[in-house]
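Engineer: Attaching a predicted model along with its sequence, questions to come.
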Amino acid sequence: MGLYEQYLAVRIRRHDGERPDHVALIITERDLLEQGAYETLTDFFEWAFEYATRVTVYVSVLDAAAVPTLRRQLEEIDAPRAVDVRGPDDRDRADAPIRIGIGLGGKHEFTSAVRTLAEGVDAGDLSPEDIDDEDVERHLIFPSEPDLVIKTGAERLSDFMIWQSVYSELYFTDVNWRDFRKRDFLRAVHEFCNRSRRFGR
């Protein structure tokens, strides 16, 4: 670890603010085509688990034909914890410490949850007036809310966890994924520690 990274790590350790328990990362299919991209992702998991207990990664894709290849590569990644990978056609909940969505947009995920609830109503297992936000959350593929969402490369969000990230702290960096280093991750965590979370209040 370089001197600047050590400095940031000490600042975080001495800070009174909470650390993020669930870290989310938004990258693109194009990012994963860069040389060393998967090694950086493996490193990212190691950095994140120094603070967090859960990590979610969303990979936005332009070409749906790329999903099977990306899925195979991400399922085989050398990760420090168990990994659940989900794609656009999945409806099964992801519960592993590392959750990766490939082209699985938040709108699609929310629609899938609503469809499941509607099926329950149609079958007579649910009453519409009894459905609340907890029922929706139980049917999301990525059920937990990230504390910190990191977006590399540009200051705009993809269609990512639109239900779960409503109270997340968003951190945008101009650093592209190919150049992302531990110091960039530590900057995001330090910024998170400095923020006063309001959770919509």
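Structural biologist: Arrived safely, thanks for sending.
Engineer: what's the helix or strand for Ala9?
Structural biologist: Assigned by DSSP states H and E, Ala9 falls within helix 3-14.
Engineer: correction: Ser112
Structural biologist: Following DSSP H and E, one finds Ser112 within helix 106-122.
Engineer: packing partners for that helix?
Structural biologist: Counting contacts by 3 or more Cβ pairs under 8 Å, 6 or more residues apart in numbering; DSSP states H and E, helix 106-122 packs against helix 133-138. C-beta here means a position set from N, CA and C on the backbone, and glycine is covered the same way.
Engineer: what about the helix it packs on, distance to the chain center?
Structural biologist: Its chain's C-alpha centre and that of helix 133-138 lie 19 Å apart, by Cα atoms, centre = their mean, to the nearest Å.
Engineer: which strands and helices sit next to it?
Structural biologist: helix 106-122.
Engineer: Averaged pLDDT, the helix holding Ala9. What do you get?
Structural biologist: Across helix 3-14, pLDDT averages out at 94.
Engineer: distance of the residue of the chain positioned farthest from its centre from Val136?
Structural biologist: Distance to the chain centre peaks in the chain at Gly124, reaching 34.4 Å (criterion: Cα atoms, centre = their mean). To Val136, Gly124 is 19 Å away according to Cβ to Cβ, to the nearest Å.
Engineer: Likewise for Thr69?
Structural biologist: 32 Å.
Engineer: In terms of neighbours, single out the busier of those two.
Structural biologist: Taking other Cβ atoms under 10 Å, Thr69 and Val136 do not tie; Val136 has more neighbours (16 against 12).
Engineer: Now for the more buried one: which residues touch it?
Structural biologist: Shown in contact with Val136 (Cβ atoms under 8 Å, 6 or more residues apart in numbering): 110, 113-114, 117, 163.
Engineer: mind listing the strands for this structure?
Structural biologist: For the chain, the strands defined by DSSP state E cover 22-28, 54-60, 83-86, 98-102, 148-152, 169-173.
Engineer: For the residue farthest from the centre of the chain, grab phi and psi.
Structural biologist: Gly124 adopts backbone torsions of phi 90, psi 10, taken as degrees, to the nearest 10.
Engineer: Please work out which residues outside stretch 186-196 touch it.
Structural biologist: Outside stretch 186-196, the residues that reach it (Cβ under 8 Å, 6+ apart) are 5, 8-9, 11-12, 15, 17-20, 47, 51, 147-148, 150, 169, 171, 173.
Engineer: And stretch 109-118, what's buried?
Structural biologist: For stretch 109-118, a neighbour-count test (16 or more other Cβ atoms under 10 Å) marks 109-110, 112-113, 116-117 as buried.
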